[in-house]
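Student: My questions are about this predicted structure, shown below with the sequence.
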Amino acid sequence: MKNIAILCSGGDVSGMNPALKHFVEYSFEKGLRPYFIYDGYEGLIDNTIKQVTYSDVAGIITQGGTKIGSSRSKRFMQKNYRTQAKQNLDDLDIGMLVVLGGDGSFRGLDIFYKEHGVKFCGIPSTIDNDIKGTDYCLGVDTALNTIKTSIDAIRDTASSFRRAFIIETMGRDCGYLALVSHLTSGSELCLVPEKKYDLKSYEKNFKEQIKNGRRYFIAIVSEGIKQDAQEIADWFEKEIGIESRVCVLGHIQRGGNPSIYDRLMAYKFVTHAIDALLENKKESIVCYDTSGFSLKSIHLLVDGKKELDKKLLDYLK
Ligand code: ADP
């Protein structure tokens, strides 16, 4: 029986627990012995690695976050700790690794592979949807649904009080969450880092809308834009003449009951990852786009930046 391990690194997402559940079940199906590595690369260094079975994943499919914890590990940036990590894997005879993480985690993994040749397969997992080479990262759908619920709720109070609400979404330098939320919630304004904007250009139109009876505005701004959300709120108050409030959604976007889509994607991502390792693919990431799933070398993903879909961006007026 061969040993296989899984870890979660960097920002957690809803969908990691469904992935862990299927990892255990599919490992057994394929005649592998599954292990959990707790707390990301920190656990890899500290040897918090445990052999697991079905009972370890009972009932977790409905939960956000990750049962095995995640971490940001400064020590993993140092060669001596990565050597320690490799020793821990060797001691348990673990030769296959599945990693759920974002581009930072994959950068670390790339270095780990180059130094020690540990066979791995990565599963893109970040609500930011900012990993080059894949159109979808685990957790994005749940995050979008959480944002949708929040915007719908804010709309109720915005219309009652005649206010402008500036809702800030996560995404670091990537405006994906903000843009998709804008297009699907009918907000009046959306600002993302990928598109230059001039607030002045909206003034005449917004004032006219108020004259014609508009009671409220919803603006969705991505955290990576040049101005902070409060400055946009100040502009609404001063130039448009409407009372304004800021709502930073923050970590609410990361958690919550995993959506059906993320549960299914977790299932498929894990199946592809384990199959890839069994086919002796050594350093690949499972990617997903309109043509389906594919395996890409980690080099393609860690060099360069993910560009936001141009067609989607064109919808932004
Ligand atoms: P994410 O994977 O969500 O993008 P981070 O960027 O915080 O999250 O990266 C997660 C972890 O990956 C870091 O805390 C570190 O342990 C590891 N990592 C990132 N970059 C490197 C690197 N250049 N060398 C070694 N490890 C790295």
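Tutor: Received it, and whenever you're ready, just let me know what you need. Numbers count the residues shown, from 1 in each chain.
Student: what number of residues lie near Asn88?
Tutor: By other CB atoms under 10 Å, 18 other residues sit near Asn88. (Glycine included, C-beta is placed from N, CA and C.)
Student: Show me what the longest helix along the chain is packed against.
Tutor: In the chain, assigned by DSSP state H, the helix with the most residues is helix 140-161. Contact analysis of helix 140-161 by 3 or more CB pairs under 8 Å, 6 or more residues apart in numbering; DSSP states H and E lists strand 164-169, helix 176-185, strand 217-222, helix 260-278 as its packing neighbours.
Student: buried stuff in stretch 142-156?
Tutor: 142-147, 150-151, 154-155 (16 or more other CB atoms under 10 Å).
Student: and that stretch, average pLDDT?
Tutor: For stretch 142-156, mean pLDDT rounds to 96.
Student: Would you mind pulling the contact partners of it?
Tutor: 13-15, 64, 127, 165, 167, 169-170, 177, 180-181, 184-185, 187, 216, 218, 220, 247, 249, 252-259, 261-262 (CB atoms under 8 Å, 6 or more residues apart in numbering).
Student: Looking at the buried residues of stretch 142-156, which is nearest the ligand?
Tutor: Nearest to the ligand out of the buried residues of stretch 142-156 is Ala143 (CB to the nearest ligand atom; 13.4 Å).
Student: Show me the strands in the protein, by range?
Tutor: 2-8, 32-37, 49-51, 94-101, 119-124, 164-169, 189-191, 217-222, 244-248, 283-289, 292-297 (DSSP state E).
Student: which residue is nearest the centroid of the protein?
Tutor: A centroid search over the chain (CA atoms, centre = their mean) returns Thr126, at 1.5 Å, as the residue closest to the centre.
Student: hmm, back to that, same list (the helices and strands packed on helix 140-161) but as TSV, adding mean neighbour count, distance to the ligand and mean pLDDT.
Tutor: Putting these into TSV (neighbours: other CB atoms under 10 Å; distance: least, CB to the nearest ligand atom, whole Å; pLDDT from 0 to 100) gives the following:
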stretch	mean neighbour count	distance to the ligand	mean pLDDT
strand 164-169	25	16	98
helix 176-185	23	15	98
strand 217-222	26	17	98
helix 260-278	21	15	98
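Student: Dump these to CSV, plus distance to Gly108.
Tutor: Output for the helices and strands packed on helix 140-161, formatted as CSV (distance: least, CB to CB, whole Å):
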stretch, distance to Gly108
strand 164-169, 26
helix 176-185, 23
strand 217-222, 26
helix 260-278, 17
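Student: Break this structure down into its domains, please.
Tutor: Annotated domains of the chain cover 2-139+258-304, 142-253 [automatic domain parsing].
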